[in-house]
Structures are given as C-alpha cells and as structure tokens.
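Colleague: Make a model of this:
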Amino acid sequence: MKKIGILYGMENTFPQAFIDRVNSKGEKGIVAEAVTIEKVVQADPTEYAVIIDRISQDVPFYRAYLKNAALSGTAVINNPFWWSADEKFFNNALAEKIGVPVPKTVLIPSKERPTDTSETSFRNLAFPLAWEEMFRYIGFPAYMKPHDGGGWKSVYQVNDPHDMWRKHEETGQLIMMLQEEIQFTDYFRCYCIGQKDVLIMPYEPRNPHHLRYASEIKAQGEEAEKLLATVKDYTLKLNIALGYDFNTVEFAVRDGIPIAIDFCNPAPDADVNSVGADNFEWVVEAAANMAIERAKQHKPGQTNLTWGTFVKDSVSVVASAPKPSAEIQVAEPVELKKAAPKKAAPAKAPATETKKPAATTKAGAPAPVPFEDIPKKPSAEKKEEPKPIAPAPVKAKEKAPAKKAAETKAIAPAPAKKAGTPKTPAPESAKKAGTKAPKKK
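Modeller: A predicted model of the protein is given here:
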C-alpha cells in the first residue's frame, strides 16, 4: 500500500477535498490521508510515498521533517530543499536568463541590522549606496516588497525617494526589493500542476481579496489567443526551470506583453471561498491526478524529488571531483605561549591612577579641558593659595615636614613631576576657565 499524505495548517477546504478526490478514484494500492507525525528520527523513512506540503513555509519543524523524509525516499511536493533556497529576487534574475519578461528590480539592504551583527559586519557594503542610479533605473512610482515574502505582506507603493525612505522605516530586518510599477491592461494568475497542467485565471489584484478572481480578460479575438498561448508558455518555462510541481505564476500585461510579476508561490491559495467553485474543482482534480502519478512512479529508498533545470544544468557542468591527496595531514596543536604576556595588562593600571588626581582638580575647572589650553600664570602669583592642590598628594607632603607655609613653597615644584600636578595654578585659572565651560561638551 502506498500512502499519499497532505501536510497542512489553517486552510479548511482544499486538504479534505484533495484526500476525498484521491480516494474516490479507487486506485489499487493507493490511499490518501492527512499526515500524522509521532516522532522524527534522523534518516528514518516515513510511511508516505508522496507528501503534499501546504504549511512548512510557516512551520520550520515541518520543513526539517520533510527534508528527512525526502532523504529517505518520500516524494515531497514541493521539493523542500529548493523551496528553502528559493526567493523572489533570485526568481526575477532566473526569469531574465530564460527569456521571460520581468519588471526592473533592485535589492535593498534591511533598515535594521540583523540580530547579532554590527557596523563591522557590513564593511563590504558601500556607504552610501548608488541610490540615484537605482532610482533612475527603476523610476517612480514603484513597488517595494520583501525579497522572499508572499501573500502580499509588507508590499508598499512608493511615489518618490522620500516616500520610499519613510515606508522603509517600517520594514525592520526585512530585505526589500524596489520594483518598477507595471501599468497593465490584463492580469492573470495561473495554476501550474506537475509542470504540465496550466489553468489561466483572470485576476484583479487591486480588488478586495474575495473579489480578485471576479475578473474578465480584456484582450479579444486573435490578440487574446496569442496572449494566452504566451502566458502558458512562460508559466511552464518558469516552473520547469525552478522545479516546482505545485505553484502559481502571476502576469501583468503591458502593451500586449505578459510580464511575470510573482512566481514563487509553492503553497498557493486554493480555498474555494477565494478562487471560486470552478477553479477549485480544477485544482483539486489536477493535484489528485499528479499525486497518484507520483505515487505510482515512487521508488523506495531512492530520491524521488523534482529538481529544476537550473539545478540540473548546474550539476551537469560541474567538473568531476578531484582525486584526494594520498597524504594525511594533521594540524599541530595551537601554541598558547603568547597568551601569557596578555596577563601583564594590569601593568597599565598606574596610568589610570595618575588620571585620578587630575579628575580631583575639578574644583573649579572642567576635567575635559586639555592641560595645554589652561592659561598659565607665574608661580609667584597667589603664592598663598596652594590649598586647592589635589588633596591626596598635598596632605601626604604636609604631614612629614610639618613646617611653615614658607617651606611649602619649596615643596610646590615637586608635584610638577607627576602627570596631574602641573595643574597647580588651576584655582586661579579655574576662575577664568569658567568662561570655557562649553568645552566640557
């Protein structure tokens, strides 16, 4: 018996309809059910030949479970390894490479630095960036949106650079894209199932969510036929290159040319209340047929994932692995001899101690004022005012000789040898230094 499982979260209509449709076909040896996870042990296979993933983008635990399942042979739809690596900015770049038109787009660093990073983490990033060049390339109005987001979350229309800066303030650590605005006459959302079945749905993204599929194609006659054929061709090209079995692609039509706007939706909306009854019936039937086909093709113990041509082509051009060196190299233990001198760092302590007396001369003058800026007066003036000298040094000198003030004159020059004592005339200069108080800033 081969099981087809579906892993889902909040959606209510599609999962059960999918299970019922698979089971209603009565395929011998194939049954569908909701996935049940009791434990996840590394490298252990699951009981499912196929799993349709509808939720792992929001639940990292499920993504890890699916990678483990895929490693052991489960055909996970969509490929969890590629889904983890993919994002919208890369999609646009790949589309250009395969000849599918996309809007002009640039990547913008996040407003806030990522957690546990500092300015040093961005030493390779020019400051400022070439903003004027980017603005000229994109033009305004434009759209700013997350480079790996979905569901129209954190999407902003921006009218000029100032509007962009203001809205960028709200984006936190999101990496954003600035993208050219496409003025369109028609807009389509296309289901692509199994890289072969395509349903083109007229779509109006400017309508409220429940009315977006209530739209009609504007092009008529031969123009419409040519347009729809191109849309289908581009849809298949993108999904084959990306390797998605279940995806949607959105196109905005400008001057008769379909421009791919969004095509990284590996768990697309499939709720009957939004897509409508007819579209819902189509996607349920197409998904059920694809899952049954993949279950029949499933080979236990082998990789049963779908990979896009981008990855396949990259692997095919990789040179064969070089022959390993016959020599076994073992690193020598790291010598820690240089660590000892570092302990001598406390020797710098006296330097900090000499600064303390200088701090005590704050009696009337601001500490931050450099010694060179303090007005110097002849020592003969105010000879009787050595009292404000830093308390600790003076008291130590007075106790030993215990002589008259006349002898204090002889002592006064001695402290000048110390780092802080040259500020002996500080009391008088302090009076005049009051005008220099702003230097404290």
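Colleague: Show me what counts as buried in stretch 155-168.
Modeller: Neighbour counts over stretch 155-168 (16 or more other Cβ atoms under 10 Å) mark 156, 158, 163-164, 167-168 as buried. From N, CA and C alone the C-beta is placed, and that goes for glycine too.
Colleague: Tell me which stretches of the stretch 101-250 of the chain form helices.
Modeller: For the stretch 101-250 of the chain, helices defined by DSSP state H, counting those that start in this stretch occupy the ranges 131-138, 161-168, 221-242.
Colleague: can you put these in CSV and add mean pLDDT and distance to A331?
Modeller: Compiled in CSV, the helices of the stretch 101-250 of the chain are given as follows (pLDDT from 0 to 100; distance: least, Cβ to Cβ, whole Å):
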stretch, mean pLDDT, distance to A331
helix 131-138, 98, 46
helix 161-168, 97, 46
helix 221-242, 98, 42
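Colleague: biggest separation within the buried residues of stretch 155-168, which pair?
Modeller: Greatest spatial distance among these (Cβ to Cβ): D163 and H168, at 9.5 Å.
Colleague: can the buried residues of stretch 155-168 go into TSV with extra columns for distance to P128?
Modeller: As requested, those are arranged in TSV below (distance: Cβ to Cβ, whole Å):
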residue	distance to P128
Y156	21
V158	18
D163	18
M164	14
K167	18
H168	14
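Colleague: domain ranges for this protein?
Modeller: Domain assignment for the chain by automatic domain parsing gives 2-85, 104-114+126-181, 187-276, 347-433.
Colleague: Nearest approach to H298 belongs to which of those domains?
Modeller: Nearest to H298, of all those, is domain 2-85, at 4.2 Å by Cβ to Cβ.
Colleague: How far does the closest one stretch from one end to the other?
Modeller: Length of domain 2-85, first residue to last, Cα to Cα, to the nearest Å: 29 Å.
Colleague: what do you get for stretch 54-74?
Modeller: Span of stretch 54-74 from end to end, Cα to Cα: 16 Å.
Colleague: Could you give the average pLDDT over it?
Modeller: The predicted model gives stretch 54-74 an average pLDDT of 97.
Colleague: what bits of this structure have low per-residue confidence?
Modeller: Per-residue confidence for the chain (pLDDT under 70) gives these ranges: 319, 337-441.
Colleague: can you rerun that using 90?
Modeller: Scanning the chain for pLDDT under 90 picks out the ranges 149-153, 209-210, 301, 314-325, 334-441.
Colleague: partners of the residue nearest to K167 when sequence neighbours are not counted in the sheet?
Modeller: Once flanking residues are discounted, K167 sits nearest to Y156: 4.5 Å by Cβ to Cβ, 6 or more residues apart in numbering. Beta bridges link Y156 to M144 when assigned by DSSP bridges.
Colleague: which residues does Y156 contact?
Modeller: Neighbour list for Y156: 143-145, 164, 167 [criterion: Cβ atoms under 8 Å, 6 or more residues apart in numbering].
Colleague: Could you do T235 as well?
Modeller: T235 makes contacts with 190, 192, 198, 200, 249, as judged by Cβ under 8 Å, 6+ apart.
Colleague: Now the second one. Nearest residue, chain neighbours left out?
Modeller: The spatial neighbour of C192 that comes closest, neighbours along the chain excluded (Cβ to Cβ, 6+ apart), is N239 at 4.6 Å.
Colleague: Verify the stated contact: that neighbour with Y191.
Modeller: No: using Cβ atoms under 8 Å, N239 is not in contact with Y191, being 10.3 Å away.
Colleague: quick one: common contacting residues for the two?
Modeller: Both N239 and Y191 are in contact with N247, where contact means Cβ under 8 Å, 6+ apart.
Colleague: And the strands in the stretch 1-150 of the chain, which stretches?
Modeller: 2-7, 30-34, 48-53, 75-77, 105-108, 142-146 (DSSP state E, counting those that start in this stretch).
Colleague: so of these, which one's packed in deepest?
Modeller: By mean neighbour count, with neighbours taken as mean count of other Cβ atoms under 10 Å, strand 75-77 ranks first of the strands of the stretch 1-150 of the chain at a mean of 27.
Colleague: Quick check: can you name the pairing partners of that strand and their directions?
Modeller: In the sheet, strand 75-77 lines up against strand 48-53 (parallel) (DSSP bridges).
Colleague: Report the inter-axis angle for the strand it pairs with versus strand 30-34.
Modeller: Calculated by axes from the mean of the first three to the mean of the last three Cα atoms, to 10 degrees, strand 48-53 forms an angle of 40 degrees with strand 30-34.
Colleague: all numbers from here: first residue = 297
Modeller: From this message on, residue numbering opens at 297, which makes the last subject strand 344-349.
Colleague: Off-centre distance for strand 344-349?
Modeller: Its chain's average C-alpha position is 29 Å from that of strand 344-349, according to Cα atoms, centre = their mean, to the nearest Å.
Colleague: Go ahead and confirm I471 touches L403.
Modeller: Yes: contact criterion Cβ under 8 Å: I471 and L403 qualify, at 6.9 Å.
Colleague: Spell out which residues are contacts of both of the two.
Modeller: Common neighbours of I471 and L403, counting by Cβ under 8 Å, 6+ apart, are H443.
Colleague: List the residues that contact the residue lying closest to G301 once chain neighbours are set aside.
Modeller: Nearest residue to G301, sequence neighbours excluded (Cβ to Cβ, 6+ apart): V331, at 3.8 Å. V331 makes contact with 301-303, 344, 347, according to Cβ under 8 Å, 6+ apart.
Colleague: Go ahead and name everything in contact with stretch 457-467.
Modeller: Stretch 457-467 is contacted from outside by 404, 406-407, 427, 431, 436, 438, 440, 442, 450, 452, 454, 472, 474, using Cβ under 8 Å, 6+ apart.
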